[in-house]
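Novice: What follows is a predicted protein model with its sequence.
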Amino acid sequence: MAIQIKAVDSKSELRKFIRFPYELYMGCRNWVPALEGDEFDTLDPKKNAAYEYCDAKLFLALDGKEIVGRVAAIINRKANELWREKTVRFGWIDFIESQEVCNALLDTVKNWGKEHGCTVAKGPWGFTDMDKEGLLVEGFEHLSPFTCLYNYPYYGRMIEAAGFEKEVDWTQKLLTVSEERPKALEMADSITERYGLHIAKCTTARDMCKKYGMAIFHMYNTSFKDIFEFTPLTDTQIKRYLQTYVPILNPKYISICLDRDENPVGFAFCVPSLSKAVQKCKGRLFPFGFINILKALRKNDTLEALMIGVLPKYHGKGASVLMCKQLQDACLEKGINHVILNPQLEENIKAQTMFNQYTFEPYMRRRAYKSLITCS
């Protein structure tokens, strides 16, 4: 096998880059494709505001004329400044079961990074934390959440063989929804009385967006600023995410905690699982894929928790208790049986223990790798 690496330089090559996983994972029942339109927008410098502070290059691995792998090399200048690093990220990595292909892709990322002054390579990461990140290392037997990466088990083994080592892990839990109430929820009334905290009432997702949308994402920037490798979002990015996600949000599964002055201090976003629907439409909304999405949004028994955050000054004051109570009530009302939590850093004890009073089981584990870039 003689592997050639080709930079993506045209729209047709970008389409091949985006479609390659569909061939690689054909017949894999637990892989969930990304929405094709979202991928084009994310990888288009004219549409993704992250390119204002990121440099990126996409590469295909070829064996003759056959595509056998892909990878994105990304330099997030803002993150490098905040975290005092000279890092090149690798993301969108997929490859056939070949150590030669894996090595070629990762060496390409390192070489491209070295040309731009980088001294370390890390991944899988996206442009920001809103992109999918973390290689799947446990939980291959489960259906992938729509918002997370899925990969074959050989990926981790080959990335390690290419000279990368673990940097951090994230874990995910599967919560079981029941009538049983954790003892902490009994404190809801006293929390409201003592701190003046209460849950916002929004009849529609658009109403929520109009009243609190920008404030929530500004709070997201503040709440997560100390989380590993976090990069704050710009207002341009925030507006794009609001435009993208508001149409699929159900206010029943959005919880916004307010203080006495009606200012947001905590937030929790959940959405019905779209994994099976996106599998059915093979990542394409048109001509009929959107029908599967609409059905999944209206009738579902599983939620995915996208984001949960509380302003630092309100940690320990019960904001999360009020939000969990509201969401549990909504789940019981709507027949939701399970909630898949978003990936939580293994070392983030507060996040790891937040849901310990609920019935849960481990669902998936994800890993970010790193490797020094040699000067030779």
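Specialist: Arrived safely.
Novice: Quick check: longest strand in the protein by residues?
Specialist: strand 359-372 (DSSP state E).
Novice: In the sheet, which strands lie alongside that one, parallel or antiparallel?
Specialist: strand 120-123 (antiparallel), strand 135-138 (antiparallel), strand 165-176 (antiparallel) (DSSP bridges).
Novice: which residues of the stretch 51-200 of the chain score low on pLDDT?
Specialist: Within the stretch 51-200 of the chain, no stretch has pLDDT under 70.
Novice: Please identify the most buried of the strands paired with strand 359-372.
Specialist: Most buried of the strands paired with strand 359-372 by mean neighbour count (mean count of other C-beta atoms under 10 Å) is strand 120-123; its value is a mean of 24. Yep, even glycine has a C-beta here, placed from its N, CA and C like the rest.
Novice: Give me the distance from that one to the chain's centre.
Specialist: 18 Å (C-alpha atoms, centre = their mean, to the nearest Å).
Novice: How about stretch 206-223?
Specialist: Worked out by C-alpha atoms, centre = their mean, stretch 206-223 lies 18 Å from the chain centre.
Novice: go on, stretch 84-102?
Specialist: The mean C-alpha position of stretch 84-102 is separated from the chain mean by 18 Å, C-alpha atoms, centre = their mean.
Novice: what does stretch 37-55 give?
Specialist: On C-alpha atoms, centre = their mean, the centre of stretch 37-55 falls 16 Å from that of its chain.
Novice: Contacts for that stretch next, please.
Specialist: 14, 17-18, 56, 58, 72, 74-78, 92, 116, 126-128, 131, 234, 236-237, 240, 244, 284-285 (C-beta atoms under 8 Å, 6 or more residues apart in numbering).
Novice: List only those of the residues you listed flagged as buried.
Specialist: 14, 17-18, 56, 58, 72, 74-76, 92, 126-128, 131, 234, 237, 240, 285 (16 or more other C-beta atoms under 10 Å).
Novice: From those residues, which land in helices?
Specialist: Judged by DSSP state H, helices contain the following of those: L14, F17, I18, Q237, R240.
Novice: re the thing from before, tell me the mean pLDDT over the longest strand of the chain?
Specialist: Averaged over strand 359-372, pLDDT sits at 96.
Novice: The most centrally placed residue in the chain and E186: what is the separation?
Specialist: Closest residue to the average C-alpha location of the chain: K132 at 4.0 Å, with C-alpha atoms, centre = their mean. Distance of K132 to E186, given as C-beta to C-beta, to the nearest Å: 37 Å.
Novice: circling back to that earlier point, please give the number of neighbouring residues around the closest residue to the residue nearest to the centre of the chain other than its chain neighbours.
Specialist: In space, and not counting its chain neighbours, K132 is closest to L149: 4.6 Å by C-beta to C-beta, 6 or more residues apart in numbering. The local packing of L149 (other C-beta atoms under 10 Å) involves 25 other residues.
Novice: and if you look at the one 4 residues further on?
Specialist: Close neighbours of P153, defined as other C-beta under 10 Å, add up to 11.
Novice: State the distance from it to E97.
Specialist: 10 Å.
Novice: for D55, same thing?
Specialist: Taken as C-beta to C-beta, the span from D55 to E97 is 30 Å.
Novice: do the same with E81
Specialist: 38 Å.
Novice: which one of these two has more residues nearby?
Specialist: Ranked by neighbour count (other C-beta under 10 Å), E81 and E97 place E97 first, with 14 against 11.
Novice: Was I right to think that one contacts Y152?
Specialist: Yes: the pair E97 / Y152 is scored as a contact, 7.1 Å apart, by C-beta atoms under 8 Å.
Novice: mind listing what's buried in stretch 10-24?
Specialist: E13, L14, K16, F17, I18, R19, F20, P21, L24.
Novice: can I get the residues you listed in TSV with pLDDT and distance to A49?
Specialist: Below are these laid out as TSV (pLDDT from 0 to 100; distance: C-beta to C-beta, whole Å):
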residue	pLDDT	distance to A49
E13	97	23
L14	97	18
K16	98	25
F17	98	21
I18	98	20
R19	97	25
F20	98	26
P21	98	25
L24	98	29
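Novice: wait, which of the ones in helices among the buried ones among the contacts of stretch 37-55 is closest to M323?
Specialist: Of all those, Q237 has the smallest distance to M323: 24.1 Å, by C-beta to C-beta.
Novice: Nearest residue to the closest one in space, please, no chain neighbours.
Specialist: Nearest to Q237 is A49, by C-beta to C-beta, 6+ apart, at 4.6 Å.
Novice: same thing with C209?
Specialist: V246 (4.9 Å).
Novice: can you pull the contacts of that neighbour?
Specialist: So V246 contacts A205, R206, C209, G213 (C-beta under 8 Å, 6+ apart).
Novice: Would you mind putting the residues you listed into TSV with pLDDT alongside?
Specialist: TSV is the format used below for the contacts of V246 (pLDDT from 0 to 100):
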residue	pLDDT
A205	82
R206	84
C209	85
G213	89
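Novice: So which of these sit within helices?
Specialist: A205, R206, C209, G213.
Novice: Looking at those residues, which is nearest C324?
Specialist: When the ones in helices among the contacts of V246 are compared against C324 (criterion: C-beta to C-beta), the nearest one is A205, at 20.1 Å.
Novice: what's the burial count for that closest one?
Specialist: Neighbour tally, A205, other C-beta under 10 Å: 20.
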